[in-house]
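In: requesting a structural model of the entry that follows:
(chains A, B, C and D)
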2 protein chains.
Amino acid sequence: MVKIVSYKDLVDKLTDIFCEYGYDGTSLTILSQNTGLGRASLYYHFPGGKEEMANAVYEKITRDFTKLVLSPLATDHNFPTKIKNMLEGINLFYNNGQRSCLLDVFAIGSTKNIFNTQIKNAALYWKDSLVKIIKDEGIDNNRAILLSEEIIISIEGALVFARATGDFESFNRALENVLLTITKNILD
Amino acid sequence: MVKIVSYKDLVDKLTDIFCEYGYDGTSLTILSQNTGLGRASLYYHFPGGKEEMANAVYEKITRDFTKLVLSPLATDHNFPTKIKNMLEGINLFYNNGQRSCLLDVFAIGSTKNIFNTQIKNAALYWKDSLVKIIKDEGIDNNRAILLSEEIIISIEGALVFARATGDFESFNRALENVLLTITKNILD
DNA sequence: GGTGTATAATCGAACGATCGTTCTATTGGT
DNA sequence: ACCAATAGAACGATCGTTCGATTATACACC
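Out: Residues are numbered from 1 along each chain as shown, chains lettered A, B, ... in the order given. Sure, this is the predicted structure:
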């Protein structure tokens, strides 16, 4: 186990823990044991307790997602480069498909009603960003929407499939397939 | 609320409850309140307690999935009919995309280690069934595998996207798009 | 058709264990 | 000597489970 020496390390570790056990399945005992910190020490860093820890994790993954996946779409690079950078960001964000639970953790159980609006907005913002740059390539609005949804659906579906089967190679294949679909539908 | 008058009604209700709260998020208090049965009455029907209830739910959705999604692929109908029936089964099984959590409930938290092998086998069996009937249409093995994965990925991804955005129309669109992709890649 | 009885099905109260949280005290660095 | 950071013990609440007892249902017998 990686030794925790900073606040960032701690949030990273909390992310792993919530990802493994889910929010409701993560107890303070589990958090204490897996971080190596006493229960009271966790409350020193997060006075709001378990909920504040989940918030910190959620904010962290939101920052990561924005930086790795969304921001490449808002650059001045040409279209294929934007898409390629986004897909690389996806691969980093989801750790080659092995970190597929990031969304589910907050979309299931007690945290559902807290985060569903934010998840919804993030998904729609991702979609809108794709629609925008696809339309810039001369594709009409309706086709751009369908294509954007298809891209996101393929990525999210690949995550589910990889986790269900344990076949994480399929995730990389699926990402390549997304790139292929895009170039076939847009650049030709 | 639908009155519970049979064992089947009870398992249906349990499915809804676990789906809404997740396994770890579902307490006996919640189960008692939402079914209208006292805690001890639940233990009368399921002596194994919460875990046996989850097992009953899992067996039920496995039966439903086999009947609605897998069995259409094993009939003597022609290829397009098999696919069409499977997609209709998907729509029924997932209730137009609004019951998207069925897998996640058992893939997250305490139940993960209990059910992950069964989920894996189900996913691989689904994929193999698709590979088989696609190869029967004269497609070579590698392409059949990729196409089968693409079909499952699109369906699962559409579920995730629909739940995240709350846009359940997108689920029907995605299913139609799957049918389109198949006919384009195989029947032409 | 009424009646007695076995058993199916229900219930709330209470159990020990664990939950998230707080308290008080101690450590370690500057 | 100050304060950030640690820790374990203990709190009330809730967890999943069990208990004892009550009600509903069904079927045999008169």
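In: quick one: low-confidence residue ranges for chain A.
Out: Scanning chain A for pLDDT under 70 picks out A:1-3, A:5.
In: write out the residues of chain A neighbouring chain B.
Out: Residues of chain A lying close to chain B by CB under 8 Å from any CB of the partner chain are A:21-25, A:101, A:103-105, A:107-110, A:119-120, A:123-124, A:127, A:146, A:149-150, A:152-161, A:163-166, A:170, A:173-174, A:177. All C-beta atoms are positioned from the backbone trio N, CA, C, and that covers glycine.
In: residue in chain A nearest to chain B?
Out: residue A:157 (2.5 Å; CB to the nearest CB).
In: look up how far residue B:103 lies from that residue.
Out: As judged by CB to CB, to the nearest Å, residue A:157 and residue B:103 stand 12 Å apart.
In: next, show the common contact partners of the two.
Out: residue B:156 (CB atoms under 8 Å, 6 or more residues apart in numbering or on different chains).
In: ok, those two, which is more surrounded?
Out: Neighbour totals were compared for residue A:157 and residue B:103, and residue A:157 leads with 25 against 21 (other CB atoms under 10 Å in any protein chain shown).
In: tell me which residues touch the closest residue to that one other than its chain neighbours, please.
Out: Spatial nearest neighbour of residue A:157, chain neighbours left out: residue B:157 (2.5 Å); criterion: CB to CB, 6 or more residues apart in numbering or on different chains. Residue B:157 sits next to A:152-158, A:160, B:174 when contact means CB under 8 Å, 6+ apart.
In: swap in 10 Å and give it another go.
Out: Residues in contact with residue B:157, defined by CB atoms under 10 Å, 6 or more residues apart in numbering or on different chains, are A:149-161, A:174, B:174.
In: so which of those wins on neighbours?
Out: residue A:158 (30 neighbours).
In: max pairwise distance over the contacts of residue B:157: which two?
Out: A:149 and A:161 (17.6 Å; CB to CB).
In: returning to what we had before: the residue nearest to residue A:157 sits in which helix or strand?
Out: Assigned by DSSP states H and E, residue B:157 belongs to helix B:141-165.
In: tell me the helix or strand right after that helix.
Out: By DSSP H and E, the next helix or strand past helix B:141-165 is helix B:169-182.
In: mind checking if that following helix is in reach of chain A?
Out: Yes: Helix B:169-182 reaches chain A (CB under 10 Å from any CB of the partner chain) through B:170-171, B:173-174, B:177-178, B:181.
In: how far away is the closest residue to DNA strand D within chain A from residue A:46?
Out: Nearest to DNA strand D, among the residues of chain A, is residue A:40, at 2.6 Å (CB to the nearest atom of the strand). According to CB to CB, residue A:40 and residue A:46 sit 11 Å apart.
In: more crowded one of those two?
Out: residue A:46 (19 against 8).
In: what's the nearest residue to that one if we skip its chain neighbours?
Out: Using CB to CB, 6+ apart, the nearest residue to residue A:46 is residue A:52, at 4.2 Å.
In: list the buried residues for the helix or strand containing that neighbour?
Out: For residue A:52, the enclosing helix or strand under DSSP H and E is helix A:50-65. Neighbour-count burial for helix A:50-65, with 16 or more other CB atoms under 10 Å in any protein chain shown as criterion, is recorded at A:50, A:53-58, A:61, A:65.
In: what's the answer for stretch A:17-29, then?
Out: A:17-26.
In: picking up where we left off before, of the contacts of residue B:157, which is the nearest to residue B:70?
Out: Among those, and counting by CB to CB, the member closest to residue B:70 is residue A:161, at 16.2 Å.
In: how far away is residue A:48 from residue A:55?
Out: For residue A:48, the distance to residue A:55 (CB to CB) stands at 7 Å.
In: how about the contacts made by the residue nearest to residue A:116 when sequence neighbours are not counted?
Out: Excluding its sequence neighbours, the residue lying closest to residue A:116 (CB to CB, 6+ apart) is residue A:107, at 6.8 Å. Residue A:107 makes contact with A:101, A:115-116, A:119-120, B:22, B:100-101, B:104, B:108, B:160, B:163-164 under the criterion CB under 10 Å, 6+ apart.
In: first-to-last residue distance for stretch A:75-82?
Out: End-to-end distance for stretch A:75-82, by CA to CA, to the nearest Å: 7 Å.
In: just the ones in helices from the contacts of residue A:107, please.
Out: A:115-116, A:119-120, B:104, B:160, B:163-164 (DSSP state H).
In: would you reformat those as JSON lines and include distance to residue A:74?
Out: Below are the ones in helices among the contacts of residue A:107 laid out as JSON lines (distance: CB to CB, whole Å):
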{"residue": "A:115", "distance to residue A:74": "24"}
{"residue": "A:116", "distance to residue A:74": "25"}
{"residue": "A:119", "distance to residue A:74": "20"}
{"residue": "A:120", "distance to residue A:74": "20"}
{"residue": "B:104", "distance to residue A:74": "31"}
{"residue": "B:160", "distance to residue A:74": "24"}
{"residue": "B:163", "distance to residue A:74": "26"}
{"residue": "B:164", "distance to residue A:74": "21"}
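In: just the buried residues of these.
Out: A:115, A:119-120, B:104, B:160, B:163-164.
In: the closest residue to DNA strand C within chain A: how many residues sit nearby?
Out: Closest residue of chain A to DNA strand C, CB to the nearest atom of the strand: residue A:49 (2.4 Å). By other CB under 10 Å, the residues close to residue A:49 number 12.
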